[in-house]
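1. A predicted structure for the sequence below; I have some questions about it.
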Amino acid sequence: MAPGTDETLLLDDSRLEGGEWLFRKGGQVFGPVDSRGLAAMLYRGELDPSTPVSPGDGSWRPVGDVPLFILHAKRAAAAQRVEREVTGARQLAARRGRRRALGWAVAIALLVGGAAVVGFLLARRPPETSALLEDFGAGISIASAARVGVGHRAPEAEEMVEVPMDAPPAASGTGRARPPAPSPEKGGGLAAASRRASGGAVDGGELVAAQFDERKIQTVVSREQRTLVPCFRDEATRSPDFHGDVPIEFAIGNDGRVAALWIDEPRFRAGALKDCLVKALGGWRFETFPGQRPTVSLAFRIGR
């Protein structure tokens, strides 16, 4: 970003505090980045006003059309146009030369630093790779970023798969056992999930608005989605003829546990893949919350 009034505008704009955004570039989805970071990318020329952005709710529009970024997009475009006209081809070539020299210097430093430093840097995920859009190798990847909503589905009975609550363990040598798991209606069973998904009342008989934190849900999904990968790898071995997306959707109960699962691929609504997903999702934990329950939708891709 060129120093001066543009940088001052970026630092002084209090509206840029907080917020998280996804953006599309080169056919891929990146993020999340906060509002100030997104504006800084505009000034650095990494994004332009036509770049599609989303607050994470599934809607997309050019960043130059978002009221929060309209002024910054125009100022950034104007500053870059002036810079191109003023610098000229010679200064651009000199800048590229300096960047190449810096790249060689970094490469030499990495070699001198030893294999441990190189391994650490290679192991880090590139900063523009979204944790919600991972490629796990072996032909298994996330086909679309997770979407969080309320009442997203009015499930059909044959599409429902109940995620059982934790069963009490066998009695130990002390003769003590864990208390029995809550009933489905109290603890987030399938019947309760169906009622919430269609906009029904929560426990207590009152209609309570959704009060969950979508960003915290997205954080748990990005951290835990790796636990589902072995299920899809095993299914790819069992079904070598299958190549495509397997959309799944699950409801989160007020106790922070996954309450119900739907698999939108008919051949996988029963069998080993379903059983594996139920077991893995049963270990996910979200923050507890009152009100309507959210549903989370994402899709895994098997094959290329």
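-> The structure has been received and is ready for your questions.

2. Name the single longest helix found in this structure.
-> helix 70-113 (DSSP state H).

3. That one packs against which elements?
-> Applying 3 or more CB pairs under 8 Å, 6 or more residues apart in numbering; DSSP states H and E, one finds that helix 70-113 contacts helix 5-12, helix 35-43, helix 115-123. In this view, the C-beta of every residue, glycine as well, is placed from N, C-alpha and C.

4. what angle separates it from helix 35-43?
-> Counting by axes from the mean of the first three to the mean of the last three CA atoms, to 10 degrees, helix 70-113 lies at 90 degrees to helix 35-43.

5. model confidence over helix 70-113, on average?
-> The average pLDDT for helix 70-113 rounds to 79.

6. what do you get for stretch 223-239?
-> Stretch 223-239 comes out at a mean pLDDT of 91.

7. what distance separates the start and the end of that stretch?
-> 27 Å (CA to CA, to the nearest Å).

8. Which residues does that stretch contact?
-> Stretch 223-239 has contacts (CB atoms under 8 Å, 6 or more residues apart in numbering) with 131-132, 134, 136, 138-140, 142, 146, 242, 246, 267-268, 272-273, 276-277, 280-281, 283-284, 298, 300, 302-303.

9. and if we set it to 6 Å?
-> Residues from elsewhere that reach stretch 223-239 (CB atoms under 6 Å, 6 or more residues apart in numbering): 136, 138, 140, 273, 276-277, 280, 284, 300, 302.

10. From the residues you listed, which shows the smallest pLDDT?
-> The minimum pLDDT among these falls on Ala138, with 77.

11. how near is that residue to Arg44?
-> 36 Å (CB to CB, to the nearest Å).

12. can you check Gly282 too?
-> 44 Å.

13. which residues of the chain fall in helices?
-> Counting by DSSP H, the helices of the chain are 5-12, 35-43, 70-113, 115-123, 184-187, 190-197, 214-224, 229-238, 272-281.

14. Give the residue spans of the stretch 201-304 of the chain that score low on pLDDT.
-> Within the stretch 201-304 of the chain, the segments meeting pLDDT under 70 span 201-208, 210, 304.

15. Tell me which stretches of it form strands.
-> 244-252, 258-263, 294-302 (DSSP state E, counting those that start in this stretch).

16. Starting from the first one, tell me which strands it pairs with and how they run.
-> Right, strand 244-252. Partner strands and pairing direction for strand 244-252 (DSSP bridges) are strand 258-263 (antiparallel), strand 294-302 (antiparallel).

17. thinking again about what came up before, mean pLDDT for the helices and strands packed on helix 70-113: which is lowest?
-> Mean pLDDT values for the helices and strands packed on helix 70-113 show the minimum at helix 115-123, a mean of 55.

18. related to what we said a few turns ago, can you list the strands paired with strand 244-252 in CSV and add distance to Val86 and mean neighbour count?
-> Shown next, in CSV, are the strands paired with strand 244-252 (distance: least, CB to CB, whole Å; neighbours: other CB atoms under 10 Å):
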stretch, distance to Val86, mean neighbour count
strand 258-263, 57, 24
strand 294-302, 46, 21
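
19. Of all those, which one comes closest to Arg90?
-> When those are compared by CB to CB, strand 294-302 sits nearest Arg90, at 47.0 Å.

20. contact partners of the closest one?
-> Taking CB under 6 Å, 6+ apart as the rule, strand 294-302 contacts 141, 143-144, 146-150, 152-153, 212, 232, 236, 245-247, 249-252.

21. May I have it exported as PDB, CA atoms only?
-> Extracted in PDB, the C-alpha atoms of strand 294-302 (Å, rounded to 0.1, in the frame of the first residue of the first chain):
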ATOM      1  CA  PRO A 294     -28.500 -24.200  13.500                       C
ATOM      2  CA  THR A 295     -27.800 -26.600  10.700                       C
ATOM      3  CA  VAL A 296     -24.300 -26.900   9.100                       C
ATOM      4  CA  SER A 297     -24.000 -27.900   5.400                       C
ATOM      5  CA  LEU A 298     -20.800 -29.000   3.700                       C
ATOM      6  CA  ALA A 299     -19.800 -31.500   1.000                       C
ATOM      7  CA  PHE A 300     -16.900 -33.900   0.600                       C
ATOM      8  CA  ARG A 301     -15.500 -34.700  -2.800                       C
ATOM      9  CA  ILE A 302     -14.400 -38.300  -3.600                       C
END
